[in-house]
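A.B. asks: Can you look at this prediction? I've put the sequence above it.
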Amino acid sequence: MEFGLWQVWEAGWVTAILRGASITILVGLVSMAAGLVIGIVCGLIKWARIFPLSLLVDAYTSLVRGVPELLIIYLLFFSSVEFVTKVVTAFGYAGVAENGYAFVIAVIAIGAISGAYSTEVVRGALAAIPDGHIEAARALGLSGGRIFRRIIAPQMLRIAVPGINNVWQTTIKDTALVSVVGLQELMRISFVGANSTRHPFVFYLIAAVVYLAITLVSQAGFDGIERRLRVRTRK
Amino acid sequence: MMDLIQLAVPVLLKGLWVTAALTFVSVLIGFNLGLGLALMRLSSNRFLSGFAKYYSNVFRGTPLLVQIFLFYYGLGQLSLIRDNAALWWVISDGARCAILALALNTAAYTSEILRGGLMSVPVGLVEAAQACGMSRMLRFRRIEFPLAIRQALPAYGNELILVVKGTSLASTITVLEITGYAKRLMSQTFAIFEIFAIAGVLYLVVNLMLIAIVRSTERFLMRHESQSRQGSSAPRSKESAAVS
Amino acid sequence: MKLKVLTLLACLAGSMGSALAAEGELSIGTEGAYPPWSMSDANGNVTGFDADVGALLCTKLAVTCHFVVQAFDGLIPALKAKRFDVIISGMSITADRKKEINFSVGYAELANMFVAAKGSDLAAITDVDTLLKSLDGKKVGVQAGTTHAHFLEKRAPNADLKTYDTLDQMQIDLASGRIDTAFADQSALQDFLDKPDGKNFQLVGVEIKSTYDPTLGEGIGVGIAQDNAELKAKIDKALCELIADGSIGKASQKWFKTDISRPCK
């Protein structure tokens, strides 16, 4: 049985895989940031039950959570997304349009998915803040903005950390799906490598190990954050 | 547009059965495997609990797509597998391979959900059962398992939906389920948005039906609980299960 | 919220007009996994017959070439979404595709064939109709979105069709015995037979020409967006010159060991 590790090393695939991994992380981070912004806005709308908007948010979250990610990515990528090309070109990415375009689509798709899950996390965290705290702050005459900054936001963040960790893990794994539309991230590189060297076992195993390393490291990071936040509350 | 619906819906409904079959079989296998892993995890045997923990971390820490490709293309390459008739029977076929990957994947998540459920069973109840002289098996069947399932059901409902969504990845290894047929229709008609929208609606309907089934099962299991406890326990577990 | 941002971006983009690629640059969509037409390596460089055709075309038009690699069944949607200016990817000109995009004049043509295990029943068949009939219940590999896929969907409806995003995946499954036979153009199959994987396989001795069924198309052409008549005129002129002076024939000698260029009308 030949595993072909040598060919993997020889043909420069290791650097290609590392480059792919960094793109995976980048897509993950940017999508997660976009998702968090969406999540905070939509979560607030859902929590405060702002009437017509909350219906929209409900539709958005149930749509994204009920339809396979792969389908959403195909739809966004193949349907008329002419304006994305224009935006990319306008921002001077014409030269790197190939990856630039796929990157934008990836971030929109993964960000929208991550945003739907973040919305639920944020709403859950907001709901977990005792009403008494907010009432007390009102009684003290704090303004709405200050109540959000001083009372709601800090508590919400702490409660939301485990949920955000979950969303992040899902997000980074979902980036693998973007490979089907050609972004040169970890999964795509492994795919191209597996096909052209005819050693799929080695390539997909390496991909699995790299993904596992990413998720384990971020798990450790989140554990650390959780510990830190816990210590601070005790003081 | 009407022509398109007439063309696409029957084809996609054919795919719906495949999606349903993939989901059903992988959940059937995955649930039992997951239950076994949850028990291993809670056992006092260090080796068993360690294995269950690593299993769960590995399968939850890597994308399902990688797992599917690793099983289908990766294992399919090894002569070790190809020379073994039983293994090759599983790996040679896209649908069986997808079921294998989905079942092993959902087993990892299921084990975490069931472990949470089992851990939530009050120690007092178990001790009481012990005091009544119930055997270990009987205790598990009558006390721990029913209580754990009740606790875990909302989270498990979410996991079921993730499995339905996961079956769409089978299309990447030649299985013609909803997404596979949708892609084929797309390359024939180029009506991208319409085709994928219809496919999306099918998935939504399946998932809404699943949610309804899980909710009614939940109500059925909770029928002996008092009104107030029902109100306080169900939504809490649902929130924590929003993402799995 | 997201919708709003998207609309905003869309408005922003809309106001900037539809200038597409930068001046003096032709972006070309290609599959990058279809030897010897179009292959890409670890660094994303594209080589093959279509890369050469693209390069010749760009020199003729005095622009720089830029390749965008994309799965075959996504090429037409991506062209329509203006991801690139043209498709050069061994794409056959067919009536169905013409409804979506324009094509240049055909620049090449190849026979379509089946491949099967040496000594199998399929391998011994010598006429088209028997061959198509004997596909019933057989697992037949074909690339997604190709004329080959459409042809089999139409002419061999009882075959168990397995569609692949790339030819490589299909070859892996052919070699491992997951599928009984595969249908593609002769050059792609020859590529497989030349590899170690293909040593137990042979071509089925039936050449299916595009005249046999219109779904197989009318030669290989360059795909161009429908609203770009100006570009089509330029490309047609350039291609005809390149065919006439033998440049395309020479390139095809290099990749196919034979001249597959199609005379320009």
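C.D. replies: Nice, thanks for sending it over.
A.B. asks: following the helix or strand of chain A with the lowest mean pLDDT, which helix or strand shows up next?
C.D. replies: Among the helical and strand segments of chain A, the one scoring lowest on mean pLDDT, DSSP states H and E is helix A:82-90, with a mean of 60. Later in the chain than helix A:82-90, the nearest helix or strand by DSSP states H and E is helix A:97-128.
A.B. asks: Show me what counts as buried in that following helix.
C.D. replies: By neighbour count on 16 or more other CB atoms under 10 Å in any protein chain shown, the buried set for helix A:97-128 is A:97-127. For glycine as for every other residue, the C-beta is placed from the backbone atoms N, C-alpha and C.
A.B. asks: so for it, what's the average pLDDT?
C.D. replies: What helix A:97-128 shows for mean pLDDT is 87.
A.B. asks: Could you pull up phi and psi at C:Val142?
C.D. replies: phi -160, psi 150 (degrees, to the nearest 10).
A.B. asks: check which helix or strand covers A:Ala162.
C.D. replies: Heads up, residue A:162 is Pro, not Ala. Following DSSP H and E, one finds A:Pro162 within helix A:153-174.
A.B. asks: no wait, B:Thr217
C.D. replies: Short version, using DSSP H and E: B:Thr217 is in helix B:192-221.
A.B. asks: List the buried residues of that helix.
C.D. replies: Under 16+ other CB under 10 Å, the buried positions of helix B:192-221 are B:192, B:194-200, B:202-203, B:206-207, B:210-211, B:214, B:218.
A.B. asks: out of those residues, who's near chain A?
C.D. replies: B:192, B:196-197, B:199-200, B:203, B:207 (CB under 8 Å from any CB of the partner chain).
A.B. asks: Among those residues, which ones lie close to chain C?
C.D. replies: Residues of these in contact with chain C (CB under 8 Å from any CB): B:Ile192.
A.B. asks: closest to chain C among the ones next to chain A among the buried residues of helix B:192-221?
C.D. replies: Distances from chain C to those, taken as CB to the nearest CB, are shortest for B:Ile192 (5.6 Å).
A.B. asks: didn't that closest one look like it was pressed against A:Phe77?
C.D. replies: No - contact criterion CB atoms under 8 Å: B:Ile192 and A:Phe77 do not qualify, at 9.2 Å.
A.B. asks: For chain B, list the residues in contact with chain C, please.
C.D. replies: B:73, B:76-77, B:82, B:92-94, B:172, B:174, B:180, B:183-184, B:186-188, B:190, B:192.
A.B. asks: quick revisit: any shared contact partners between B:Ile192 and A:Phe77?
C.D. replies: Residues touching both B:Ile192 and A:Phe77 (CB atoms under 8 Å, 6 or more residues apart in numbering or on different chains) are C:Pro77.
A.B. asks: now A:Ala109: how far from chain C?
C.D. replies: Remark: distance between A:Ala109 and chain C (CB to the nearest CB, to the nearest Å) = 11 Å.
A.B. asks: give me every residue that touches that residue.
C.D. replies: Counted by CB under 8 Å, 6+ apart, A:Ala109 has contacts A:69, A:72-73, A:76-77, A:178.
A.B. asks: State the distance from it to A:Thr175.
C.D. replies: For A:Ala109, the distance to A:Thr175 (CB to CB, to the nearest Å) stands at 10 Å.
A.B. asks: for chain A, what are the nearby residues on the stretch 151-265 of chain C?
C.D. replies: So far as CB under 8 Å from any CB goes, the stretch 151-265 of chain C lies against chain A at C:165-166, C:168-169, C:172, C:195, C:197.
A.B. asks: among those, which two are most distant?
C.D. replies: C:Asp165 and C:Lys195 (19.1 Å; CB to CB).
A.B. asks: Compare these two and say which is more crowded by neighbours.
C.D. replies: C:Asp165 (23 against 13; other CB atoms under 10 Å in any protein chain shown).
A.B. asks: Could I get the phi/psi values of the more buried one?
C.D. replies: phi -70, psi -40.
A.B. asks: Let me see the contact set for it.
C.D. replies: A:180, B:172, C:71-73, C:143-144.
A.B. asks: does stretch A:19-31 come close to chain C?
C.D. replies: No - applying CB under 8 Å from any CB, one finds stretch A:19-31 separated from chain C by no less than 9.4 Å.
A.B. asks: need the helices for chain C, in chain order.
C.D. replies: C:2-14, C:49-61, C:75-80, C:95-98, C:128-133, C:147-155, C:167-175, C:186-193, C:229-244, C:247-256 (DSSP state H).
A.B. asks: Please state the offset of the third one from the chain centre?
C.D. replies: Same thing as helix C:75-80. 13 Å (CA atoms, centre = their mean, to the nearest Å).
A.B. asks: try the fifth one
C.D. replies: What separates the centre of helix C:128-133 from the centre of its chain is 24 Å, taken as CA atoms, centre = their mean.
A.B. asks: which of the residues in it are buried?
C.D. replies: Those would be C:131-132, for helix C:128-133 by 16+ other CB under 10 Å.
A.B. asks: quick one: average confidence on it?
C.D. replies: 94.
A.B. asks: counting contacts, what elements does that helix pack onto?
C.D. replies: When contacts are defined as 3 or more CB pairs under 8 Å, 6 or more residues apart in numbering or on different chains; DSSP states H and E, helix C:128-133 packs onto no helix or strand at all.
A.B. asks: How about residues contacting that helix?
C.D. replies: Identification of contacts with helix C:128-133 by CB under 8 Å, 6+ apart yields C:114, C:122, C:125, C:155-156, C:204, C:206, C:208, C:212.
A.B. asks: Likewise for the fourth one?
C.D. replies: By CB under 8 Å, 6+ apart, the residues outside helix C:95-98 that reach it are B:188, C:76, C:91, C:103, C:150, C:214-215, C:217, C:223.
A.B. asks: which one of those residues has the most neighbours?
C.D. replies: Counting neighbours by other CB under 10 Å, the top entry in those is C:Met91, with 27 neighbours.
A.B. asks: quick one: contacts for the residue in chain C that chain B sits nearest to?
C.D. replies: Residue of chain C nearest chain B, by CB to the nearest CB: C:Gly145 (3.5 Å). By CB under 8 Å, 6+ apart, the residues touching C:Gly145 are B:187, C:72-76.
A.B. asks: For it, give me the pLDDT.
C.D. replies: Value for C:Gly145, per-residue pLDDT: 90.
A.B. asks: Need phi/psi at it.
C.D. replies: Backbone torsions of C:Gly145, given as degrees, to the nearest 10, read phi 80, psi 0.
A.B. asks: Excluding chain neighbours, give the residue nearest to it in space.
C.D. replies: Computed as CB to CB, 6 or more residues apart in numbering or on different chains, the closest residue to C:Gly145 that is not its neighbour in sequence is C:Asp73, at 2.9 Å.
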